[in-house]
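sequence first, predicted model second:
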Amino acid sequence: MTTTTLAVLVPLLPFLGAAAGLLLGRRVPGLVRPLAVLPTFAAFVLAVVVAVDQGGGKAIDAATRLTPTGSVPIELALHLDGFAVLVAVLVGLVATCVQLYSTGYLRDDPRYTSYAALVSLFTSAMLLVVYSGDLMVLLVGWEVMGICSYFLVGHYWETPEARAASLKAFLVTKLGDVPFLIGLFALATDAGTFRITGVVQAALTGGIGHPTLIALLLLAGVAGKSAQFPLHTWLPDAMAGPTPVSALIHAATMVAAGIYFVARLLPLFAASAAAMTVLAVMAAITMVGSGLAALAQDDIKRVLAYSTIGQLGYLSGALAVGDRGAAVFHLLSHGAFKALLFLAAGVVIHAAGTNSLTAMSRMGGLAKRIPDAYWTMTVALLALAAIPPFAGFFSKEAVLSAAEHTALGESQVAPAGAGWTVLIAGLVTALLTAAYAMRLWLLAFRGRGADAPAHGKQPVVMNAVLWVLAIPSIGFGLTAGYLGDWFDGRALTPAVTTAVLSTGVALVGGLVTYAAWRHTSALAPRTPMGAVAAHPEGDGGQVEEEAIASHTEVYGSIASAPDPADPGRLLLGPLHRHAATGFHLDAVYSALFVRPVLAAAGLVRFLDREVVETYVRGASAAPNWLGRAVRRAQNGNVQSYLSALLAGSLVLAAAVVVVANVTAGS
């Protein structure tokens, strides 16, 4: 089979698995798990074969016309370059791990069939985005991921948190998708094609007439899909969904799609210095703001959510300085250790016996009870903090090195100001990342909360998946010197200056946080977990579902209570309460958009009920009254008719006499 044929099968197999799971899953329950895991695993294997065949060499293109559309054709096209084949391998690996993990985590979930099918469809849509060579076909995968995220985030739809989170994720991303779609049409109009290779060639030769406008429109969609400021607020709330879904969204799908899109069309964005500057500023605000917010969260999954937003800021920053190789390298590295972090957090949630909104300050005694999660999550946190020799060090250093080159005027792609913006924000974020990573590790595994009731051992498959993802989290960065062919021939080896700076600030952040924790722990009494109800032994998904429903009742008061043993409060000081709420962006959006829309809706309802309906009721009442009057005259009584005729004749006679007298008098 040819490479292009294999590439077609990569997104097709998970799609067929999703369709078969929905059609046969309820009739033949024994097929649900094989149909969830095997097609995704087969797609992963084929993605590896395609990557080996492509070998980082010349891009492989294939296309067929779908249907005549007028002046701008739409084609089912594949574009397989080094970036595409490696990202597809990441998607296949993470999706396979998530499906395997879910067989244990959600083994007793009554809606596992639809869940597994949606995860497969989600995977298929992302693979379509990765391999697609046509913007309209890419848009199909882009939008399918949006609807899949809506259903998966709202998997526990019985709870108000899940319903609100799924709706918010859908609406916020659609807010960005509207200008994104307009930008795609404008881009195709200028370039004369939807083919990505044609668009890139037009951008390189100056064939795009409105590069700044188009780039800014497209960035709105990227900000929504990849949770960048100011459209990032949906991602922390999306933690109300099952933990494996969080791993899939944060590591390999959805939020990675926007970054990958910019990487594919980077020459278009580079054609506008204004667009690159906007992207750099957006990345800087996203990085620093999310780092501060993560340091103030008490919920373990919300810490990881803000961490994802910050790491996506690094990716946007790499693109803002014109280095898509560094961006995709960090995308791959981040995908491995962030999937590991979320899946390990799922084990922590199960062991803590609380809920998906687990308060870290109430945890205790977990390191010995879940050693697999403890050691693998430690590895992932070291990778997140960019401590050498873990994967995050090499990939984050590639981003900072690229920013340094641009800041020193050594790049012809992006302005020097963008380089300085990304470099400074990146170093500050490295400090914050190490701080909240250390804080998470200390509170989750060395915390002084009361031991939670036991919930049985985790299924073997869950722990096995953690160790599988630990391998790339440890060793992927060491391949940096061998992946140049896949990354436009750019060497991704660390530079001395940025390596020393980034590692130094990371160590400072971690050590200061540890010192603050020791100080606060010495002053704080042992914190009870409060009214933690013991759930029966079972899988993590069932525990999570039950506990989410009782979160407000059980944890509402204690989750917001100040905890003197939290180093984040000491480090942030008066900024803590603002950072804990995401700097009140939801309140700002509510005041600027939600309330005016609700007020306008109230006005429309008033006008509809009091004005329009009054007019309609009046318009119907007048003919009704007239009909009643006419009906009285048509009662079928001959005497009444003769009396009316006589009365009418007398009236007419009187009128004639009056008129005659008036005429004679004049």
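Received the coordinates, thanks.

quick one: find the helix or strand in the chain with the lowest mean pLDDT.
Within the chain, judged by mean pLDDT, DSSP states H and E, the helix or strand with the poorest mean is helix 551-559; its value is a mean of 35.

how about Gly154: what's its closest non-neighbour residue?
If the residues on either side of it in the chain are set aside, Gly154 comes closest to Ser166, at 3.0 Å by CB to CB, 6 or more residues apart in numbering. To be clear about C-beta, it is placed using only N, CA and C from the backbone, and glycine gets the same treatment.

try Phe476
Using CB to CB, 6+ apart and skipping the chain neighbours, the partner closest in space to Phe476 is Ala391 (4.2 Å).

ok, back up a step: check contacts around the residue nearest to Gly154.
For Ser166, the contacting residues are Ser149, Tyr150, Phe151, Val153, Gly154, Trp157, Ala238, Ala240, Gly241, by CB atoms under 8 Å, 6 or more residues apart in numbering.

how about 10 Å then?
When the contact criterion is CB atoms under 10 Å, 6 or more residues apart in numbering, the partners of Ser166 are 149-157, 234, 237-238, 240-241.

nearest to Phe337, out of those: which one, please.
Nearest to Phe337 among these is Ala238, at 19.4 Å by CB to CB.

still on that earlier bit, let me know the pLDDT of the residue nearest to Gly154.
For Ser166, the pLDDT comes out at 93.

can you list the weak-confidence ranges in this structure?
Per-residue confidence of the chain (counting by pLDDT under 70) places the weak regions at 69-70, 352-358, 364-365, 448-456, 524-564, 632-633, 635, 666.

in the stretch 301-450 of the chain, which spans are strands?
Listed in chain order, the strands found in the stretch 301-450 of the chain under DSSP state E, counting those that start in this stretch amount to none.

kindly apply the preceding question to the stretch 51-200 of the chain instead.
Under DSSP E, counting those that start in this stretch, the stretch 51-200 of the chain gives strands at 60-67, 74-80.

can you say which of those is packed in most?
Highest mean neighbour count of the strands of the stretch 51-200 of the chain: strand 74-80, a mean of 21 (counted as mean count of other CB atoms under 10 Å).

contacting residues for Ile214?
If you count contacts by CB under 10 Å, 6+ apart, then Ile214 has 182-191, 199, 203, 208, 265, 268-269, 271-272, 275 around it.

now the longest helix seen in the chain: buried residues?
Within the chain, and with DSSP state H defining each element, the longest helix by residue count is helix 160-191. By neighbour count with 16 or more other CB atoms under 10 Å, helix 160-191 contains the buried residues 161-162, 165-166, 168-170, 172-173, 175-177, 179-184, 186-188, 190-191.

repeat for stretch 20-38
Residues of stretch 20-38 classed as buried under the neighbour-count rule (16+ other CB under 10 Å) are Ala20, Gly21, Leu22, Gly25, Leu31, Val32, Arg33, Leu35, Ala36, Val37.

ok, stretch 403-410 next?
Of the residues in stretch 403-410, those with enough neighbours to count as buried (16+ other CB under 10 Å) are Ala403, Glu404, His405, Thr406, Ala407.

those residues in helices, which ones?
Those of the buried residues of stretch 403-410 mapping onto helices are Ala403, Glu404, His405, Thr406, Ala407, per DSSP H.

now the fourth one: how far from Pro230?
So the one you mean is Thr406. For Thr406, the distance to Pro230 (CB to CB, to the nearest Å) stands at 24 Å.

could you do the last one as well?
Using CB to CB, one obtains 25 Å as the distance from Ala407 to Pro230.

tell me how far stretch 625-642 lies from the chain's centre.
In this view, stretch 625-642 has its centroid 72 Å away from the chain centroid, taken as CA atoms, centre = their mean, to the nearest Å.

now what about it, what contacts it?
Residues from elsewhere that reach stretch 625-642 (CB under 10 Å, 6+ apart): Ser643, Ala644.

starting at the chain centroid, how far to stretch 109-117?
Centroid displacement of stretch 109-117 relative to its chain, using CA atoms, centre = their mean, is 21 Å.

just the buried residues of that stretch, please?
Neighbour-count burial for stretch 109-117 flags Asp109, Tyr112, Thr113, Ser114, Tyr115, Ala116, Ala117 (criterion: 16+ other CB under 10 Å).

farthest pair in these?
Of all pairs drawn from the buried residues of stretch 109-117, the greatest distance, 13.0 Å, lies between Asp109 and Ala117 (CB to CB).

which residues touch Thr5?
Thr5 makes contact with Leu46, Val50, Ala62, according to CB under 10 Å, 6+ apart.

now do the SS call for Val262.
Following DSSP: H, G, I helix; E, B strand; the rest coil, the label given to Val262 is helix.

tell me how many other residues surround Ala654.
Per other CB atoms under 10 Å, the neighbour tally for Ala654 reads 10.

kindly provide the distance from it to Asn661.
Remark: distance between Ala654 and Asn661 (CB to CB) = 11 Å.

next: Ala579.
Taken as CB to CB, the spacing of Ala579 relative to Asn661 amounts to 98 Å.

out of these two, which sits in the busier spot?
Neighbours were counted for Ala579 and for Asn661 using other CB under 10 Å; Ala579 has more, 20 against 10.

I am finished for the moment; much appreciated.
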